[in-house]
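Enquirer: Sequence and predicted structure are below.
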Amino acid sequence: MPRHSRTTRGLLVAPATMAAVAAGLLAPGLSAEALAADTFTAPAYTDPDCEIAFGSTVLGLTPDMIGSVVGLPIPLPSAPAPQTVVIVSMGQTASQTDVRDMLQYCGLNPLTWTDVLKPGDTTPGVDSEATLDLTVISAMLPANTTLKTATIASSIDFKAALLNAGNACGLDGTDWTQWRRSQLDTPTGGCIASMSYAVFEDSLPNLIAALSPPPPDPQLWFEEVEGILAALASSGVITVVSSGDEGSGGCLPLTRGQQNLMAPQWPSTSAHALSVGGTMWAPTTWNGAAITPVSYVPGQSLMPVTWRNWNMGSDCLWDESPTITWPGIGTTGGVSDLIERPSYQSSVAGVAPSSVGRLSPDLAGLAGWPTWLVPDAANPGQFTYAMGTSAAAPLMAAGLAQVNAALTSRGMTPLDNSGGPLDIHEVIYSPAFASVFNDVTQGTSNLWSSDLWTGPTAVTTVGFLQGIGFLDSSVPPVPTANTSASITGYTAGVGYDLTTGLGVPNFATLARLLIAAQTPSPGGPPPILQQVPVPASGSCDLVITDYDWGGASSGGWSRSWAQWTNGGSGGPVCTRTLVYSGSLRYWIVQR
C-alpha cells in the first residue's frame, strides 16, 4: 500500500457540527517572526558536512532548514506544559541509532523515542517510511515533549494502528467509546499523532479484503475506524494524516489507485483528521513544469508550488504486468466519496459546488524538491534523500507541537481536535487566521497531463512514453489509459484548492495570533479564544469565582461569551455569558 491509505464506498459519515471560531487579532507575543510570504530565500546549510551530492546533484535538506521556512523554531518564555507526539508506524520501524547519528552529524539534537508495540505483535524491520517520519520530527519538537512510535506489524490494518496510537497517547484500552482526555499521559499539553499512510478511496474494498482475517462486514469495519478517529478527536488528540503521493489518481497498484480513476485517499479524508498535502520549492521564474533532478542552491529566491516531480523516484506504477514505474510523483487531493463535507469547510465549499464530500487536503508542507535528507534505511551509515507527504505530515505535527508549547508556556489553552473554538480545523478555516498561510497558487497534481511531453513544460519524450506503452502511435499520440478526459487533475489557485488546501502555514504567525486571541486587552472584552476549564462533574454547572479573566476595565464592554467542550467528562458543549464586574474589575461567568 502507499504510505497513505483507503477503504470501501459506503454510507457517508457525517461529522459533528463544529463551533465557530472567534476572530483573532495580530498582537504582541512573538517578536521577530514574519507573516507567511509568497517567496522566501533558500536557507543555507546549517552544517556544510550535510550538503551532499547524489551523483552530480545536490539534494536533501535537514529538518531545521525546512523548518526555518515555516516559522520554526518558536521561542518559549518559560517551560511549556508536557505534551506527547506519536508517530504511527505500520509494518516497519526506524533505527533510532541511524536517525540520531545522522541528525547529530548535521548539528541537531534529536529526541529519543519510546516504541509502543501493539500487544502480541513482533517488531517489524527497519524501512524507509518510519525512517523518514522520525528524521523529520525528532529534531524539531519543543521542550517537555515525549516522542513515541505506535507500531503494528501489519502494513494495512488502520483500525489496529489507530487504536495503538490512542494507547500511545495514554487513552485506555481498545474500547474507544470510553476514551476521555483525562486519560491522556499529558492532558494539559495534549497529544498529536502523525500518520503517513493512506489508501485510495476506490480501492478500500481491496484493502479490507486483504486484512487477516478479513472482517465479515467491511462497512462496519470502516465505520469503526471512523469511530476511533472521532474518539481520538473528542479526547483532544490532533490526528495528522498525509494526503498521498499519487497525484489526483491513476496510479497502480490498487492500493495507490486505479487507471482512469480520480479519488483522494482515506483516512486523510476523514473529517476528524488534519489532511496534509505536499509542495515543492520552485524558482520565481518557474514555468509550471514538473521539476526534475537539479541541485539545490542556497540564497536563491524560491516559492512553494504544487508538488509534482519527474524522474526523482516514484511509487506510482503505470502497468503492473510487467512492472513499469511511472516517473511522476506528486501530491494527492480531491473530493471524498466516503465522508460528508464537515461544517468547518463550509467557507470553501465553492471549490466543489456540485459535491457534498469532504475536501482534501487541509494544508500542505514540503514534500518534493529539494527533498529531505534521511538515513538510508537499506544501507546503515549512509544518507539518501526522500520525498512525500509522508514528510509533510510530521512537519505539520512538529509545527503544531511548537505552537501548543508557545501557548502552554504562557498558561494558555493549546489547540486540539475536540470541536471547540480552539479546534485545529475551526482555527485554520477561520478568515481571522488567513494571514497564517502562504497561499500556493501555482502548479497541478495531474501526473498524466500532456504538458509532461509537449510544449515548453515537457520533461520527457514521446518516444519514451510510446516505448513503455503509455502513448499509442497516432499523430498526435494518445494515452492508452489515464487520458486527459478521465484524469484531469487539480490546479492550484487563489485561496483553498484541492492540491495544497489552504496553503503552507507559518507556525510562528499562528502562535502569535492565538496568543493575541487569548490575551486580555486593556479597554476591550475578555480574551476571545480562552476556554473555560472543563468541570469535573460532566455538567455545565460552574462555580462563578473559579473562572475569571482579571485585568483591565471593561472599556464600555459589558458582556461577551465563552464556550467549552466538556469532553473530559463526556458532557455537553457548554456556553455561558461573561459579565464584567465593575466592582471586582474582572470578567466572570454567568450561570
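Expert: It's in.
Enquirer: in which helix or strand would I find D319?
Expert: Here D319 sits within strand 317-320, counting by DSSP states H and E.
Enquirer: List the buried residues of that strand.
Expert: L317, W318, D319 (16 or more other CB atoms under 10 Å). For every residue, glycine as well, the C-beta is placed using N, CA and C.
Enquirer: same for that strand, what does it pack against?
Expert: Counting by 3 or more CB pairs under 8 Å, 6 or more residues apart in numbering; DSSP states H and E, the packing neighbours recorded for strand 317-320 are strand 323-325.
Enquirer: partners of the strand it packs on in the sheet?
Expert: Sheet pairing for strand 323-325, assigned by DSSP bridges, gives strand 317-320 (antiparallel).
Enquirer: And the strand it pairs with, how far out from the chain middle?
Expert: Distance of strand 317-320 from its chain centroid, counting by CA atoms, centre = their mean, to the nearest Å, is 28 Å.
Enquirer: thinking again about what came up before, dump the buried residues of strand 317-320 to CSV, plus distance to A165 and pLDDT.
Expert: As requested, those are exported to CSV (distance: CB to CB, whole Å; pLDDT from 0 to 100):
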residue, distance to A165, pLDDT
L317, 29, 96
W318, 34, 95
D319, 35, 94
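Enquirer: Which of those sits closest to S418?
Expert: L317 (40.0 Å; CB to CB).
Enquirer: contacting residues around that closest one?
Expert: C251, L252, P253, R256, T323, I324, T325, W326 (CB atoms under 8 Å, 6 or more residues apart in numbering).
Enquirer: With I324 instead?
Expert: L317, W318, I468, G469 are the contacts of I324 under CB under 8 Å, 6+ apart.
Enquirer: now T457
Expert: So T457 contacts N287, G288, A289, A290, D451 (CB under 8 Å, 6+ apart).
Enquirer: Dump the residues you listed to CSV, plus secondary structure and neighbour count.
Expert: Shown next, in CSV, are those (DSSP: H, G, I helix; E, B strand; the rest coil; neighbours: other CB atoms under 10 Å):
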residue, secondary structure, neighbour count
N287, coil, 11
G288, coil, 16
A289, coil, 17
A290, coil, 28
D451, helix, 17
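Enquirer: Looking at these, which two lie furthest apart in space?
Expert: Farthest apart among the contacts of T457 - using CB to CB - are N287 and A290, which lie 10.8 Å from each other.
Enquirer: And the strands in the stretch 201-350 of the chain?
Expert: 238-242, 265-266, 273-283, 301-306, 308-310, 317-320, 323-325, 328-330, 334-340 (DSSP state E, counting those that start in this stretch).
Enquirer: quick one, which of these is nearest to F383?
Expert: Judging the strands of the stretch 201-350 of the chain by CB to CB, what sits closest to F383 is strand 308-310, at 19.0 Å.
Enquirer: just checking, what packs against that closest one?
Expert: The criterion is 3+ CB pairs under 8 Å, 6+ apart, and the helices and strands that strand 308-310 contacts are strand 328-330.
Enquirer: and the strand it packs on, average pLDDT?
Expert: Per-region confidence: strand 328-330 scores 98 on mean pLDDT.
Enquirer: For that strand, what is the distance to the chain centroid?
Expert: On CA atoms, centre = their mean, the centre of strand 328-330 falls 19 Å from that of its chain.
Enquirer: separation between the closest residue to V305 other than its chain neighbours and T457?
Expert: Among residues not flanking V305 along the chain, G443 sits closest, at 4.1 Å (CB to CB, 6 or more residues apart in numbering). Using CB to CB, to the nearest Å, G443 is found at 11 Å from T457.
Enquirer: Would you list the phi and psi of L366?
Expert: Main-chain dihedrals, L366, degrees, to the nearest 10: phi -60, psi 120.
Enquirer: mind listing what it touches?
Expert: I66, V69, G278, T279, M280, W281, P304, W372, A391, A392, L395.
Enquirer: For the stretch 451-591 of the chain, give me the ranges with low pLDDT.
Expert: Residue ranges of the stretch 451-591 of the chain with pLDDT under 70: 520-591.
Enquirer: Look up how far T488 lies from P370.
Expert: 28 Å.
Enquirer: Check the secondary structure at T499 for me.
Expert: coil (DSSP: H, G, I helix; E, B strand; the rest coil).
Enquirer: domain assignment for the protein?
Expert: 3-31+56-283+298-444+488-514, 523-589 (automatic domain parsing).
Enquirer: Quick one: closest of those domains to S473.
Expert: domain 3-31+56-283+298-444+488-514 (17.1 Å).
Enquirer: if we can go back for a sec, overlap in contacts, G443 and T457.
Expert: In contact with both G443 and T457: G288, using CB under 8 Å, 6+ apart.
Enquirer: Just give the number of residues close to the closest residue in space to S212 that isn't next to it in sequence.
Expert: Distance criterion CB to CB, 6+ apart; nearest residue to S212, sequence neighbours excluded, is S154 at 7.7 Å. The number of residues packed near S154 is 17, by other CB atoms under 10 Å.
Enquirer: Check which helix or strand S154 maps to.
Expert: Judged by DSSP H and E, S154 forms part of no helix or strand.
Enquirer: could you list every residue that touches it?
Expert: M90, G91, A160, A161, L211, S212 are the contacts of S154 under CB under 8 Å, 6+ apart.
Enquirer: ok, back up a step: can you flag the buried ones in the contacts of L317?
Expert: The buried subset of the contacts of L317 - by 16+ other CB under 10 Å - is C251, L252, P253, R256, T325, W326.
Enquirer: and of those residues, the nearest to L59?
Expert: T325 (18.8 Å).
Enquirer: Am I right that that closest one is in contact with W310?
Expert: No. In this structure, T325 is not within contact of W310 by CB atoms under 8 Å, at 11.8 Å.
Enquirer: Give the residue spans of the protein that score low on pLDDT.
Expert: In the chain (pLDDT under 70), the answer is 1-37, 520-591.
Enquirer: again, 90 this time
Expert: When residues are selected by pLDDT under 90, those of the chain lie in 1-38, 255, 378, 380-381, 419-421, 431-432, 484, 515-591.
Enquirer: who does S194 bridge with?
Expert: I87, V240.
Enquirer: ok, back up a step: quick one: which of the contacts of L366 is nearest to A508?
Expert: V69 (11.1 Å).
Enquirer: Need the nearest residue in space to that closest one, chain neighbours excluded.
Expert: F40 (5.5 Å).
Enquirer: in the sheet, who's paired with the one you found?
Expert: Bridge pairing for F40 - DSSP bridges - gives L302.
Enquirer: what about the strands in the stretch 51-200 of the chain?
Expert: Going by DSSP E, counting those that start in this stretch, the stretch 51-200 of the chain shows strands at 53-54, 57-58, 83-90, 113-117, 145-152, 191-195, 198-200.
Enquirer: Now the fourth one: buried residues?
Expert: Along strand 113-117, these residues count as buried under the neighbour rule (16+ other CB under 10 Å): W113, V116, L117.
Enquirer: just checking, the last one touches P124?
Expert: The reference is to L117. No. At 9.2 Å, L117 does not count as touching P124 under the criterion of CB under 8 Å.
Enquirer: Please consider this matter closed, and thank you.
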